[in-house]
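1. next come a sequence and a model predicted from it.
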Amino acid sequence: MTPDLLDEGAQRLERSKAALAARNGHTESGGRSAGFSRLVTSPEVDVTHGRILYLEDVSVSFDGFKAINKLSLDIAPGELRCIIGPNGAGKTTMMDIITGKTRPDEGSVFFGSTIDLLRYRESDIAQLGIGRKFQKPTVFEQLTVFENLELALKTNKGVKASMFFRLDSAQSDRLAELLHTIHLAEQVNRLAGNLSHGQKQWLEIGMLLMQDPKLLLLDEPVAGMTDEETARTAELFLTLKGKHSLMVVEHDMSFIRTISEIVTVLCDGSVLAQGTLDQVQADERVIEVYLGR
Ligand SMILES: Nc1ncnc2c1ncn2[C@@H]1O[C@H](COP(=O)(O)OP(=O)(O)OP(=O)(O)O)[C@@H](O)[C@H]1O
Ligand SMILES: [Mg+2]
């Protein structure tokens, strides 16, 4: 090995070490790090009843204000469900409840027909196969695209074990395929910090996908993206549909039009309307509270 290569290897090790230390220091802190934890045991999600996610009569109040109010909603396996609704409707709070970040005051939340999500902690829920993407990209800027994706697999390992972690050939193949799916094959050796906002979002989605989640929750994924990035993200979600179940919260109606099948409109913490985008856009109540006249 040349001194240059040795030097590069040492630098990469240091960067990876720093990123892992940062991540491991926050393992109990909530959604972001929880999203990078890995399935240790993989209990089967029972979808024989045709539902991967099931919320019934869920309510939560913050200081007497009902942010979620008797919310009932379910999602089929492989479905790409779009959620729209005015600011403060409870969309993000609903994701907080599904991922264990917020505990509801009442109601039930099931993953498949047997896994009662209210019995699990946030980090456990990530391990059950529910990945969550927050609005702001949370990639490791000082690592390359490749290193970020590799890191997504080095989970539940200590810093030392992670340092000696090597991808097996199936994982390498998956990583290579994923790079194409997320449109970053040509950026593989670039530092994540040098990517555009849209590319960082795709990288973070890629990091979630490395863990092969059954359900992906995406909160305003195209906010701040260029039109071209938005179009490519729509393409990406359409390729993920079927292999994963997706719940996508967005305000961008042309994006929703490109990807949507069933659209659920949330308002005041419960479902106001549901149907195709054309159906909900024609609904007087939806026009009144959200879309405007
Ligand atoms: N932890 C909290 N403490 C107090 N109030 C909260 C908390 N989380 C959410 N809320 C309130 O609950 C309501 C629903 O908020 P939420 O963020 O879920 O809305 P949203 O539909 O995601 O809106 P937006 O489209 O603006 O993102 C808001 O009135 C918000 O202020
Ligand atoms: Mg929100």
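-> Thanks, I have the structure now. Numbers count the residues shown, from 1 in each chain. Ligands and ions are numbered 1, 2, ... in the order given.

2. going by C-alpha atoms from here, please, whenever you check contacts or count neighbours.
-> OK.

3. residue 281: neighbour count?
-> By the criterion of other C-alpha atoms under 10 Å, residue 281 has 19 neighbours.

4. now residue 173
-> 12.

5. now swap in the one 4 residues further on and tell me
-> Neighbours of residue 177 under the rule other C-alpha under 10 Å: 12.

6. one more: the one 4 residues further on?
-> Look at residue 181: counted by other C-alpha under 10 Å, it has 17 neighbours.

7. which one is it nearest to, not counting chain neighbours?
-> Closest residue to residue 181 apart from its sequence neighbours, by C-alpha to C-alpha, 6 or more residues apart in numbering: residue 236 at 6.7 Å.

8. so the one you found is in which element?
-> Element membership for residue 236, per DSSP states H and E: helix 227-240.

9. mean confidence for that helix?
-> Averaging pLDDT along helix 227-240 gives 96.

10. right, and residue 109 touches residue 98 too?
-> Yes: the pair residue 109 and residue 98 qualifies as a contact (C-alpha atoms under 8 Å) at a distance of 6.9 Å.

11. overlap in contacts of those two?
-> Shared contacts of residue 109 and residue 98, defined by C-alpha atoms under 8 Å, 6 or more residues apart in numbering, are found at residue 117.

12. I figured residue 138 hits residue 204, correct?
-> Yes: counting by C-alpha under 8 Å, residue 204 is a contact partner of residue 138 at 6.8 Å.

13. neighbour count: these two, which is higher?
-> Using other C-alpha under 10 Å as the criterion, residue 138 and residue 204 rank with residue 204 on top: 28 against 14.

14. touching, the more buried one and residue 133? I think so.
-> Yes: between residue 204 and residue 133 there is a contact under C-alpha under 8 Å: 7.5 Å.

15. any idea of the mean pLDDT for stretch 80-93?
-> 97.

16. who touches that stretch?
-> Identification of contacts with stretch 80-93 by C-alpha under 8 Å, 6+ apart yields 67-68, 75, 102, 219, 241-242, 245-251, 256, 259-270, 289-290.

17. among those, which are located in helices?
-> Judged by DSSP state H, the contacts of stretch 80-93 include 256, 259 as members of helices.

18. show the buried residues in the contacts of stretch 80-93.
-> The neighbour-count test (16 or more other C-alpha atoms under 10 Å) marks 67-68, 75, 219, 241, 245-251, 256, 259-260, 262-270, 290 as buried among the contacts of stretch 80-93.

19. near ligand 1, which of those show up?
-> For ligand 1, the contacts drawn from the buried ones among the contacts of stretch 80-93 by C-alpha under 6 Å from any ligand atom are residue 67.

20. keep only those of the buried ones among the contacts of stretch 80-93 that are in strands.
-> Mapping these onto strands (DSSP state E) picks out 67-68, 75, 219, 245-249, 263-267, 270.

21. among these, which one lies nearest to ligand 1?
-> Using C-alpha to the nearest ligand atom, residue 67 comes nearest to ligand 1 of these, at 4.3 Å.

22. which stretch of helix or strand covers the closest residue to residue 226 other than its chain neighbours?
-> Leaving aside its chain neighbours, residue 226 sits nearest to residue 198 (7.5 Å; criterion: C-alpha to C-alpha, 6+ apart). Using DSSP H and E, the element containing residue 198 is helix 197-209.

23. that helix vs helix 227-240, what angle?
-> Orientation check (axes from the mean of the first three to the mean of the last three C-alpha atoms, to 10 degrees): helix 197-209 against helix 227-240 gives 20 degrees.

24. hmm, back to that, test my guess that the residue nearest to residue 181 contacts residue 184.
-> No: the criterion here is C-alpha under 8 Å, and residue 236 misses it with residue 184 at 11.8 Å.
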